[in-house]
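Peer 1: Mind folding the following:
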Amino acid sequence: MNHVSKITCFSYLQGKVCGLCGNFDNKASNDFTTRSMAQDTVSALTFGNSWKKDPACPDVEVVIEPCELKPHRKAWAEKECSLIKSDVFKICHHKVDPQPYYEACVHDACACDTGGDCECFCTAVAAYAHECIKAEACIHWRTPEICPIFCEYYNPNEDICQWHYEPCGRDILTCKILNQGSTNFSLSFLEGKRPINLWWICSSRIVC
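Peer 2: Coordinates of the predicted model:
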């Protein structure tokens, strides 16, 4: 993934938050709670409109599915996104349900037709791969033909710095961990390109 944003709530906030990210109470059934705390039969549209920042902004009344708006992309999107449900991710399927990620992939792949077509597809697949990593299922899904990352190409001189792509990353060391032995900073294994023997990051700025 090119960009990763992660919001983590401390455990003492469980059940005490609300909004577009849900309630953090381990109940997916009530994540669509509106600003007025309504829950029953709430649509995604009603839910989203209820949390708009400026009440003066008009409500979104109709959401047109990208694949309906751009039917010429549907077959391509379904074919490419079928990777998520293929044997490539077989060891993860029983740990993380692939269907929601497949549907999100098709949605995004249909929507992206003004440049960056493959980036939307690749980002969607990478999102599923990341959930698989969190479930302890490391998937080597990228190839020279499918969402490639050519790290070695950009750093041919090993004497200076050789970068390598790793699909699942490894333990991340921070200066705080090395100096004090513990920290409240944590980060799940992330795929990406890293230089050999350089595994320390700044725990305040989060810079690789």
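Peer 1: Only C-alpha atoms from now on, for both contacts and neighbour counts.
Peer 2: Fine.
Peer 1: Need the nearest residue in space to residue 35, chain neighbours excluded.
Peer 2: Among residues not flanking residue 35 along the chain, residue 50 sits closest, at 5.5 Å (CA to CA, 6 or more residues apart in numbering).
Peer 1: For that neighbour, give its distance to residue 101.
Peer 2: Shown here: residue 50 relative to residue 101, a distance of 25 Å by CA to CA, to the nearest Å.
Peer 1: May I see the buried residues of stretch 94-107?
Peer 2: Buried residues in stretch 94-107, counted by 16 or more other CA atoms under 10 Å: 96, 98, 101, 102, 103, 104, 105, 106, 107.
Peer 1: quick one, longest helix in this protein?
Peer 2: helix 117-134 (DSSP state H).
Peer 1: Dump it to CSV, keeping only the CA atoms.
Peer 2: Provided in CSV are the C-alpha atoms of helix 117-134 (Å, rounded to 0.1, in the frame of the first residue of the first chain):
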residue,chain,number,x,y,z
ASP,A,117,-7.1,2.4,-12.5
CYS,A,118,-4.7,-0.2,-11.2
GLU,A,119,-3.9,1.7,-8.1
CYS,A,120,-7.4,1.5,-6.9
PHE,A,121,-7.5,-2.2,-7.6
CYS,A,122,-4.1,-2.8,-6.0
THR,A,123,-5.0,-0.7,-2.9
ALA,A,124,-8.2,-2.8,-2.4
VAL,A,125,-6.3,-6.1,-2.6
ALA,A,126,-3.6,-4.8,-0.3
ALA,A,127,-6.3,-3.9,2.3
TYR,A,128,-7.4,-7.6,2.3
ALA,A,129,-3.8,-8.8,2.4
HIS,A,130,-3.1,-6.6,5.4
GLU,A,131,-6.1,-8.0,7.3
CYS,A,132,-4.7,-11.5,6.5
ILE,A,133,-1.3,-10.5,8.0
LYS,A,134,-3.1,-9.4,11.2
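Peer 1: Report the buried residues of it.
Peer 2: For helix 117-134, by 16+ other CA under 10 Å, it's 118-134.
Peer 1: Export stretch 9-21 to PDB, keeping only CA atoms.
Peer 2: Taking Å, rounded to 0.1, in the frame of the first residue of the first chain, the C-alpha atoms of stretch 9-21 are listed here in PDB:
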ATOM      1  CA  CYS A   9      -8.400   3.600  20.400                       C
ATOM      2  CA  PHE A  10      -7.100   2.700  23.900                       C
ATOM      3  CA  SER A  11      -9.100  -0.100  25.500                       C
ATOM      4  CA  TYR A  12     -10.600   2.200  28.200                       C
ATOM      5  CA  LEU A  13     -12.500   4.000  25.300                       C
ATOM      6  CA  GLN A  14     -14.400   0.800  24.300                       C
ATOM      7  CA  GLY A  15     -18.100   1.600  24.000                       C
ATOM      8  CA  LYS A  16     -17.500   5.300  24.600                       C
ATOM      9  CA  VAL A  17     -17.000   6.500  21.100                       C
ATOM     10  CA  CYS A  18     -19.300   7.000  18.100                       C
ATOM     11  CA  GLY A  19     -19.100   8.300  14.600                       C
ATOM     12  CA  LEU A  20     -18.200   7.200  11.100                       C
ATOM     13  CA  CYS A  21     -15.700   4.600  12.400                       C
END
